[in-house]
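> One predicted model, sequence on top.
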Amino acid sequence: MATTTTTQALPDSGLKRNVGFIGLIWASTGSIIGSGWLFGSQEALKTAGPAAIISWLIGGVAVLVLALVHAELGGMFPIAGGTARFPHIAFGGVAGASFGWFSWLQSVTVAPIEVEAMIKYAQHWQFAHPWLHTVVVNGETQQLLTGSGIMVAILLMAVVTVVNLLSVRILANTNSAATWWKVAIPLLVIIVLAFSGFHGSNFTAADGFLPGGAKGILAAVSTSGIIFAFLGFEQADQLAGEAKNPKRDIPRAVIGSVVIGLVIYLLLQVVFLGALQSGAIQGSWATADFTKYTGPFADIAMAAGITWLAVIIFIDAIISPGGTGLIYVTATTRISYGLSRNGYFPKAFEWTTKAGVPWVGLVTAFVVGCACFAPFPSWQGLVSLITSASVLMYAGAPLALGAFRKRIPEIERPYRMPAAAVFSPIAFIVANLIILWTGWDTDWKLGVAILIGAVVIVLNNVFRGASSVRPRWDWKAAQWLLPYLVGMGLIVFLSDFGPLTNPVFPLWVDIVVVAAFSLVIYYWAINSASTREEILRTAEDVREVEESNVVEPVHH
C-alpha cells in the first residue's frame, strides 16, 4: 500500500495532465517575477538603506529553505493544490483545514495586488491619472484606487479570469510565453543600468549603509515586499495534479525558480541603488526623493536619459504583474478544488468544465479578488498581510515533512531534502521569524482572517451533506495548533515588532524566543502527528479521489 501510494502514476481525471517541466518552472518563476521586482528595490531601500542587499539575501535563503521542503513533499504527493493538502495528510482534518485556509487566503489575494501594481505604474500615462488619488495615511503617502480605478481593476480581473477558463494547456503556454518576457526585462534593466552610470558612492550616501540597524534589515524582509517578491515558488506544487511527470519535474521546478528569483532580485537591488542620481538620495533613505517615484525603475531610466528602456519597463509593468495575477488565479482554483476534495470546501468547487477548469473556484476567486479592492485599495495595503498569510501557510510544510520522515520513512521520495532533521525545523523557525518581522499591525488582521476561515469551514462541515470524502477531524494530532497560533500572536505583541513602547522581548531576545518556541511546537507536532496507518489511509484516500472521475458536468 505504501508503495502504491507514492509510486503509482496518477491517471487522467477531471484535471488534465498536460503541463511539462517548462510549464511548471515557468509557473513558479512567472509567479515570483511579478510586481515585486517593480517596487521591491525601492521599498527595501526606504526601510533598510543600502543594507537592503542583506535583506534580500536573508529573504532568498529563507525562502530557499522552505522551497527545499516543498520539493520533497511535492515529489512524494503530486496532487492538485498540494500546499494546502500536505498538513491534511500528516495531521488530519483540523490542521489540514486550517493550513488549507491559509493557503487559499494567500493565493486569492495576490491577483488583486498585481492588478493594483499595473494601475500604479500606468500613472505615467495621462489617461490613467483618474484611476488613483493621493492621500496621507499615518504620515505615509499612499495612492488609492478611485471609483473609476476600481472599475478598471475589476475589468483586469475579468481578463485573467477569462484566460483561465480556456484550458490549462493554453494557460501554461500563455504563461510560459509571458514568463520569457518577464525574466528577460529585469535582466535587460540590470545590464543597461549597470553600464550607464553606476555610482558606487551611493552605498554610503544619505544616512549611511545601515540607517535602521539590524531591525531595519529584518523589517525589510517582511514589510518591504522582499518575501512577497519570492512568493510563488510553490505554484508547481499547486499544478502537480496536471503535471506530465510530477515526481521528476516538481522538485526541479520549485528549487530552480527560487534560485532564478534570488539572482535577479539581488542584482536589481544593486543596480537600483547604484543608478540613483545624487539629487534623489539627499537627506535620509526613508524620505529622499526616490521614495516618491511611482514607477521606480522607469523613473531612474528617464532620469538617466534612457527613454527607450523606460518605455519597455512601462510595458513590462503590464505584462509582468498580469502574468503573475494570471497564474495565481489558476492556483486559487486548484487549491479550492483540493480543499473540496478533502471535504473542507463545498462540493461545487470540484465542478469542472470540459476543458478541466474548476469553474466555481474560478468565479469565487474573481469575486473575492474584486472585493479586495474596497478594503485594500493600494499596493502597499496588501503586501504585509499577504506575506504573513503566506509564511503561515508555508509553516505547515516542514511540520508535514517532519511527520512523514518519522511516521513513513520508507516511502519513495524522488527528491530527499538533505539533512532534513536539521533543515526542516530550521524552515519552521524561519517561517515564524518572518511572521514576527511582519509586525503586530499586520498579524492581528491575519488573526481575524483565521477566525473567518474557521467559521467558513465549520459551516461547510454542517451543511455539506453526503460527500465522497469526509474529513478525518483528528483533534489529537492537531493539539499543538491552537497553542501555536495564540503563542505566536502573543510573542509578536510582546516583541520589539509589537505595539509596546517597552517590549518584553527586545530585538534579538524576541528572535531567540521565537526560535525556542518554534522548536517546542515543531517536535510537539511531529510527535503527535497521525499514526502511520492513518497517514497512509489518508494518502490513499487522496490518491483515490484524484483518480476517480468525481467531476460534475459544466451545467451545474
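Okay, I see it.
> which stretches of the stretch 401-550 of the chain have low pLDDT?
The stretch 401-550 of the chain contains residues with pLDDT under 70 at 464-472, 542-550.
> could you pull out the helices for it?
Assigned by DSSP state H, counting those that start in this stretch, the helices in the stretch 401-550 of the chain fall at 420-438, 440-463, 481-494, 509-527, 532-547.
> Next: the stretch 1-150 of the chain.
When assigned using DSSP H, counting those that start in this stretch, the helices of the stretch 1-150 of the chain occupy the ranges 2-7, 21-32, 35-48, 52-76, 82-91, 93-108, 110-121, 147-166.
> for the longest one, which positions count as buried?
The reference is to helix 52-76. Neighbour counts over helix 52-76 (16 or more other C-beta atoms under 10 Å) mark 52-60, 62-76 as buried. Placement of C-beta: from N, CA and C, glycine included.
> just to revisit the earlier point, quick check: which of the helices of the stretch 401-550 of the chain is buried the most?
helix 420-438 (a mean of 23; mean count of other C-beta atoms under 10 Å).
> Just give the number of residues close to residue 477.
Around residue 477 there are 25 other residues, counting by other C-beta atoms under 10 Å.
> show me the residues around it that make contact.
Residues near residue 477 by C-beta atoms under 8 Å, 6 or more residues apart in numbering: 90, 91, 92, 94, 95, 528, 529, 530, 534.
> Filter the residues you listed down to the buried ones.
Applying a neighbour-count criterion of 16+ other C-beta under 10 Å, the buried members of the contacts of residue 477 are 90, 91, 92, 94, 95, 529, 530, 534.
> just for the stretch 151-300 of the chain, where's the confidence low?
167-179, 237-242, 247.
> List the contacts of stretch 273-287.
Defining contact as C-beta under 8 Å, 6+ apart, one finds that stretch 273-287 is touched by 41, 45-50, 52-53, 193-194, 196-200, 202-203, 205-207, 211, 288-290, 300, 303-304.
> list the buried ones in that stretch?
Using 16+ other C-beta under 10 Å as the test for burial, stretch 273-287 gives 273, 274, 275, 276, 280, 281, 285, 286.
> Could you grab the helix/strand/coil label for the fifth one?
With DSSP: H, G, I helix; E, B strand; the rest coil as the basis, residue 280 sits in helix.
> could the helices of the stretch 401-550 of the chain go into CSV alongside distance to residue 412?
Listed next are the helices of the stretch 401-550 of the chain as CSV, based on distance: least, C-beta to C-beta, whole Å:
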stretch, distance to residue 412
helix 420-438, 15
helix 440-463, 32
helix 481-494, 29
helix 509-527, 20
helix 532-547, 12
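> Residue 126: which of those is closest?
Checking the helices of the stretch 401-550 of the chain against residue 126 by C-beta to C-beta gives helix 440-463 as the closest, at 34.7 Å.
> What is the nearest of the contacts of residue 477 to residue 134?
Lowest distance from residue 134 to those (C-beta to C-beta) belongs to residue 95, with 43.7 Å.
> and that closest one, what does it touch?
Residue 95 makes contact with 87, 88, 396, 474, 477, 478, 481, according to C-beta under 8 Å, 6+ apart.
> Ok, residue 401 next?
Contacts of residue 401 (C-beta under 8 Å, 6+ apart): 69, 72, 73, 86, 417, 420, 424.
> gap between the residue nearest the centre of the chain and residue 197?
Nearest residue to the geometric centre of the chain (C-alpha atoms, centre = their mean): residue 231, 3.3 Å. Per C-beta to C-beta, to the nearest Å, residue 231 is found 32 Å from residue 197.
> Please apply the same query to residue 429.
Distance from residue 429 to residue 197, by C-beta to C-beta: 42 Å.
> now residue 477
For residue 477, the distance to residue 197 - C-beta to C-beta - is 59 Å.
> go on, residue 288?
Using C-beta to C-beta, which is the criterion applied here, residue 288 is 18 Å from residue 197.
> more neighbours, the two?
Remark: of residue 288 and residue 197, residue 288 carries more neighbours, 19 against 15, as counted by other C-beta under 10 Å.
> The more buried one touches residue 206, doesn't it?
Yes: contact criterion C-beta atoms under 8 Å: residue 288 and residue 206 qualify, at 6.1 Å.
> circling back to that earlier point, neighbour-wise, give me the winner out of the contacts of residue 95.
residue 88 leads the contacts of residue 95 on contacts (other C-beta under 10 Å) with 33 neighbours.
> Which residue, other than its chain neighbours, is closest to that residue?
With sequence-adjacent residues excluded and distances taken as C-beta to C-beta, 6 or more residues apart in numbering, residue 88 is closest to residue 96, at 2.7 Å.
> Any idea how many residues pack against that neighbour?
Residue 96: 31 neighbours (other C-beta under 10 Å).
> That one is in contact with residue 338, isn't it?
No: assessed by C-beta under 8 Å, residue 96 is found out of contact with residue 338, at 10.0 Å.
> Give the helix, strand or coil label for the residue nearest to the residue nearest to the centre of the chain when sequence neighbours are not counted.
Once flanking residues are discounted, residue 231 sits nearest to residue 390: 5.2 Å by C-beta to C-beta, 6+ apart. Under three-state DSSP, residue 390 falls in the helix class.
> Let me know the pLDDT of residue 390.
Looking at residue 390, its pLDDT reads 78.
> ok, now the one 10 residues further on?
The model reports residue 400 with a pLDDT of 93.
> measure it to residue 85 for me?
To residue 85, residue 400 is 9 Å away according to C-beta to C-beta.
> for residue 366, same thing?
As judged by C-beta to C-beta, residue 366 and residue 85 stand 23 Å apart.
> now do residue 371
From residue 371 to residue 85 the distance is 26 Å (C-beta to C-beta).
> neighbour-wise, which of those two wins?
It is residue 85, of residue 371 and residue 85, that has more neighbours when counted by other C-beta under 10 Å, with 30 against 12.
> on that earlier part again, make TSV out of the contacts of residue 401 and add distance to residue 261.
Below are the contacts of residue 401 laid out as TSV (distance: C-beta to C-beta, whole Å):
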residue	distance to residue 261
69	17
72	20
73	20
86	22
417	19
420	23
424	22
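> List just the nearest of those residues to residue 227.
residue 69 (15.6 Å).
> That closest one against residue 396, yeah?
No: between residue 69 and residue 396 there is no contact under C-beta under 8 Å: 9.9 Å.
> Contact partners for the residue nearest to residue 65 when sequence neighbours are not counted?
Using C-beta to C-beta, 6+ apart and skipping residues adjacent in sequence, the residue nearest residue 65 is residue 427, 4.7 Å away. Contact partners of residue 427, counting by C-beta under 8 Å, 6+ apart, are 65, 66, 68, 69, 394, 397, 398.
> measure residue 427 to residue 207 for me?
Distance from residue 427 to residue 207, by C-beta to C-beta: 35 Å.
> now residue 393
Remark: distance between residue 393 and residue 207 (C-beta to C-beta) = 36 Å.
> sorry, back to before: ok, which pair from the contacts of residue 427 is furthest apart?
Counting by C-beta to C-beta, the most remote pair of those is 68 and 394, 11.7 Å apart.
> Farthest pair within the contacts of residue 401?
Across those (C-beta to C-beta), the longest gap, 14.2 Å, separates 86 and 420.
> Residues in contact with stretch 198-216: which ones?
47-51, 217, 219-220, 271, 273-276, 278, 281-286, 288, 496, 507-508.
> do stretch 243-261 as well
Residues contacting stretch 243-261 (C-beta under 8 Å, 6+ apart): 10, 17-21, 24-25, 27-29, 32-33, 60, 63-64, 67-68, 70-72, 74-75, 78, 183, 229-230, 232-234, 236-237, 240, 414-415.
> one more time with 6 Å
17, 19-21, 24-25, 28-29, 32, 63-64, 67, 70-71, 74-75, 78, 230, 233, 236, 240, 414-415 (C-beta atoms under 6 Å, 6 or more residues apart in numbering).
> what do you get for stretch 127-138?
By C-beta under 6 Å, 6+ apart, the list of residues contacting stretch 127-138 reads 119, 122, 142, 143, 144, 146, 148, 149, 152.
> who's in contact with the first one?
Residue 119 makes contacts with residue 131, as judged by C-beta under 6 Å, 6+ apart.
> Which pLDDT value belongs to it?
pLDDT, read off for residue 119, is 89.
> Right, I'll call it a day here.
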